[in-house]
Every structure is written in structure tokens, then in C-alpha cells.
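# kindly generate the corresponding structure for this input.
(one chain, ligands or ions: 1)
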Amino acid sequence: MERFTKSKTMIFPREIIVGHNTTSQIAELCDRISRGKTVLIVEDKKTKKLSGEDIKKILSKANYEVKERIVSSPTVSEVNRLINYAHKNKIDLLLGVGGGSVIDVTKLAASELKRPFVSIPTSAAHDGIASPRASLKHSRGSVSKTAVSPLAILADTKIINKAPYRMLASGSADVISNMSAVMDWELAYRLKGEEFSSHAAVLAKTAAQLLIENADDIRTNTEESSWIAVKAMIVSGVAMSVAGNTRPASGSEHMFSHMLDHLGPGIMLKGKKYKRPMHGEQCGVGAIMMVYLHGGDWEKIRSALKKIGAPTTSEELGVSKKKIIEALVRAQEIRPERYTILGETGLTNDAAKRLAKITGVI
Ligand SMILES: [Zn+2]
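Model (predicted):
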């Protein structure tokens, strides 16, 4: 018998607090997880008003020295500025209060500083609130980077429910797209012998199924919808922690989405409405098509997205048909080392067109 030499490290959040008015628990949470009393709230102008100011008040009362930094965009220079500031001010704990961008910037800075951070989402627009990965913008699209898992997650559904419904729908679509990501991962395991974790795969699928099965409840846009969606996002984040990478939640549908970002906003002006597609919306549409390629139940994915009110067509997405096809043809260029249903060379133009037509995307 071969000697057993396998080893693996998994890092999980230590505390997850989700529900109504959980913001009131922030001081007790910090007492439990922080060794020092100097905390830095990272926020943007909107989330400062929505939640950051309240958190500052509560923590100041509990004798914390509270610093604040406003982040305007998820870029390398913002991350570096945050790192310098935290160094100078001897910050013990970082709190990322905001949507995906604020949390991603906090995550990367915390990882570099080797300081713990708490993820405090003010919306549920994608599964980054609980994952160890972050994405940053650059001049042409975005890059995904390894950071750290939050030491704790504090999700206040009362606040999250105030965010526009479109964000919740997009975040739900992002988690539903785990279905195609897991299919890609299984394929890479069978075809390329890539390391595969069945536990991580089951968790990622469970998160997606939770939303597929509760699609009608999500649509009600009540505080309970936020509760269901956030729970699914956290399970999805845990799946990535178990895998040690984003495989369980990011496959060909994410490559398609990143390629759309790379090709430019691709805004279709419909009347006077100016709309820029969101990450999760693009991944949802990608998942419909990729599950079709896998021979899976793509109609189930599409019907769940429709029920939720997430886009299922190029028109609803606000992207031209031409750009959808180009993104399908070139998607595998995003991460050539990550094997998916798109293979090594991607789809031909004809195959891409046919795929988008059959699934009703164009
Ligand atoms: Zn995503």
C-alpha cells in the first residue's frame, strides 16, 4: 500500500451571526475575537450612513478606539492606502462594512497585515461576504486574488433588506451558479485528475439548491429573503474554505462573466434606461448555458432565476447578442489552467451562437 502523505489546511470563520438587528451585538463580538482595542471601520459613503456610524457609536461606548476609512473602489492602490493607514495607527481588528467592494478591499488589506477582519455585509450582492477570495478591478476587467476568510461574519438582515432588490437577486444568481461550477470541477477531476473535495462540492450545491427551492420566497423581498440568501452565501463561502480554492463556486460561468467585464461594460441603451450588469447576474446567465453544455437540467436553473427576477436573457442583462457570443467564445482565456466544459480551446463561434439561442439567452 502507498504511504499516506496527504495534508490540508482549512480556515473557517470562528463566529457567524446572522439575523434581525444583529448590529447591536458588535461590541460583544469584538470582545470575544479581538486582542486589542483599536479597530478600523472600512466603509464607503453610503454604508457609513447605513451602518458604519451606528457601529462606531456602539464600539466607542464599549471603550474601543475606533478609526474610519472610506473606500471608493476595489483597486490595488486603495488596498495599499488602507495597509499603510492600519500600520501607522496600530490597528488590531478591521471591520469591512459594505457590499462586495468594501469587503474585498478589507479582506486583502487584512490578509497583508496579518490582522483579523470581520465581514459586515450591508447587501447580499455576491458570495464574497464569506469567502477567502477577493476580486480587484484594473483597467481591463478584474482579477481574483487569494486573501483570508473573515474571522467573523455579522450580517444584519434589517440592514441588508434595505439594499435594492436587484442586489439580492444578483447575489442569489451568483450562488445558483455553483451548479455549473461544481459540474466543471467534477469534469476536471475525471478528465485531468484535479484534486476534488466531495464535501466542498456537496456544500456548494446545497447552497445553490436552497435558493432554487426557495426562489418564490426570495422574490417577496422581505427580511426573510435576505436571511435565506445570506445563509446560502455563507454556506458557499464555507465550501470554498473547505476546498481551499474557488472551484466549488466558480467555473466556466464565472469565466464568461469575467470575459464580459473584460470586453467592457457592453451597455445596451434601452429607452433611457442605463444599466450595467452585475457580477451575479452575468454568472446566472452563464450558468444556464454551461449547465446546458454539461447536459444538466438548465431549464431548472433558468426557471429559478426567472422566479427570483434575475436576468436570463441578453436583453434583460443589458448586453448585446454579439458580446454574449464573443464572451462565450473567449471565456476560457480568462483562466486557461482551470479546466471546464469549455475545454482547452473554447467554443467555436457557431457553437456559441447555437448555445445562446437554444437556451433562450439571445
Ligand atoms: Zn461569483
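# quick check: Ile362 touching Thr313?
Yes - distance between Ile362 and Thr313: 7.3 Å, which falls inside the contact criterion (CB atoms under 8 Å). For every residue, glycine as well, the C-beta is placed using N, CA and C.
# in CSV, could you pull the C-alpha coordinates for the top helix by length along the chain?
Ranked by residue count, the top helix of the chain under DSSP state H comes out as helix 223-243. Output of helix 223-243 as CSV, limited to C-alpha atoms (Å, rounded to 0.1, in the frame of the first residue of the first chain):
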residue,chain,number,x,y,z
GLU,A,223,-36.2,40.4,5.6
GLU,A,224,-36.6,36.7,5.4
SER,A,225,-35.5,36.7,1.8
SER,A,226,-32.2,38.4,2.9
TRP,A,227,-31.9,35.7,5.6
ILE,A,228,-32.2,32.8,3.2
ALA,A,229,-29.8,34.4,0.6
VAL,A,230,-27.2,35.3,3.2
LYS,A,231,-27.3,31.8,4.7
ALA,A,232,-26.7,30.4,1.2
MET,A,233,-23.8,32.8,0.6
ILE,A,234,-22.2,31.7,3.9
VAL,A,235,-22.5,28.0,3.1
SER,A,236,-21.0,28.8,-0.3
GLY,A,237,-18.1,30.6,1.4
VAL,A,238,-17.5,27.7,3.7
ALA,A,239,-17.4,25.4,0.6
MET,A,240,-14.6,27.5,-0.7
SER,A,241,-12.8,27.3,2.6
VAL,A,242,-13.1,23.5,2.6
ALA,A,243,-11.8,23.3,-1.0
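# which other residues reach the following helix or strand past that helix?
Going down the chain from helix 223-243, the next helix or strand is helix 252-262, by DSSP states H and E. Residues from elsewhere that reach helix 252-262, judged by CB atoms under 8 Å, 6 or more residues apart in numbering: 140-142, 177, 180-181, 184, 246, 266, 277, 279, 282-287, 289-290, 293, 319, 323-324, 326-328, 330-335, 338, 340-342.
# tell me how many other residues crowd Leu187.
Burial measure for Leu187: 18 neighbouring residues, criterion other CB atoms under 10 Å.
# need the contact list for it.
Contacts of Leu187 were listed using CB under 8 Å, 6+ apart, and they are His294, Tyr339, Thr340, Ile341.
# ok, now with 7 Å
Under the criterion of CB atoms under 7 Å, 6 or more residues apart in numbering, the neighbours of Leu187 are Thr340, Ile341.
# so which bits of the host helix or strand of it are buried?
Assigned by DSSP H and E, Leu187 belongs to helix 178-192. Of all the residues in helix 178-192, those buried under the rule 16 or more other CB atoms under 10 Å are Asn178, Met179, Ser180, Ala181, Val182, Met183, Asp184, Trp185, Glu186, Leu187, Ala188, Tyr189.
# looking at the residues you listed, which is nearest Tyr165?
The shortest approach to Tyr165 among the buried residues of helix 178-192 belongs to Asn178, at 21.3 Å (CB to CB).
# just checking, that closest one touches Leu210?
No - contact between Asn178 and Leu210 fails when scored by CB atoms under 7 Å: they sit 10.4 Å apart.
# circling back to that earlier point, just the contacts of helix 252-262: which are in strands?
Taking DSSP state E, the ones among those that sit in strands are Gly141, Ser142.
# could you pick out the buried ones from the contacts of helix 252-262?
Buried subset of those (neighbour count, 16+ other CB under 10 Å): 141-142, 177, 180-181, 184, 246, 266, 277, 279, 282-287, 289-290, 293, 319, 323-324, 326-328, 330-332, 334-335, 338, 340-342.
# got the angle between the helix or strand of the chain with the lowest mean pLDDT and helix 252-262?
When the helices and strands of the chain are scored by mean pLDDT, DSSP states H and E, strand 141-146 comes last with a mean of 77. Taking axes from the mean of the first three to the mean of the last three CA atoms, to 10 degrees, strand 141-146 and helix 252-262 form an angle of 130 degrees between their directions.
# how about residues contacting the helix or strand following strand 141-146?
The C-terminal neighbour of strand 141-146 among helices and strands, as given by DSSP H and E, is strand 152-156. With CB under 7 Å, 6+ apart as the test, strand 152-156 has contacts from 13-18, 21-23, 26, 29, 33, 118-121, 129-130, 230, 234.
# how many neighbouring residues does Lys48 have?
Under the criterion other CB under 10 Å, the count of neighbours that Lys48 has is 21.
# against Lys137, how distant is the closest residue to it other than its chain neighbours?
Distance criterion CB to CB, 6 or more residues apart in numbering; nearest residue to Lys48, sequence neighbours excluded, is Ile70 at 6.8 Å. Using CB to CB, to the nearest Å, Ile70 is found at 17 Å from Lys137.
# so how far is Gly100 from Ser73?
With distances taken as CB to CB, Ser73 is found 12 Å from Gly100.
# typo on my end, it should be His262
Relative to Gly100, and taking CB to CB, His262 is found at 18 Å.
# okay, these two: which has more neighbours?
Here His262 and Gly100 are set side by side on neighbour count (other CB under 10 Å), and the busier one is Gly100, at 26 against 15.
# got a ChimeraX select line for the buried ones in the contacts of strand 152-156?
A single ChimeraX command suffices to select whichever of the contacts of strand 152-156 are buried according to 16+ other CB under 10 Å:
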select :13,16,17,18,22,23,26,29,118,119,120,121,129,130,230,234
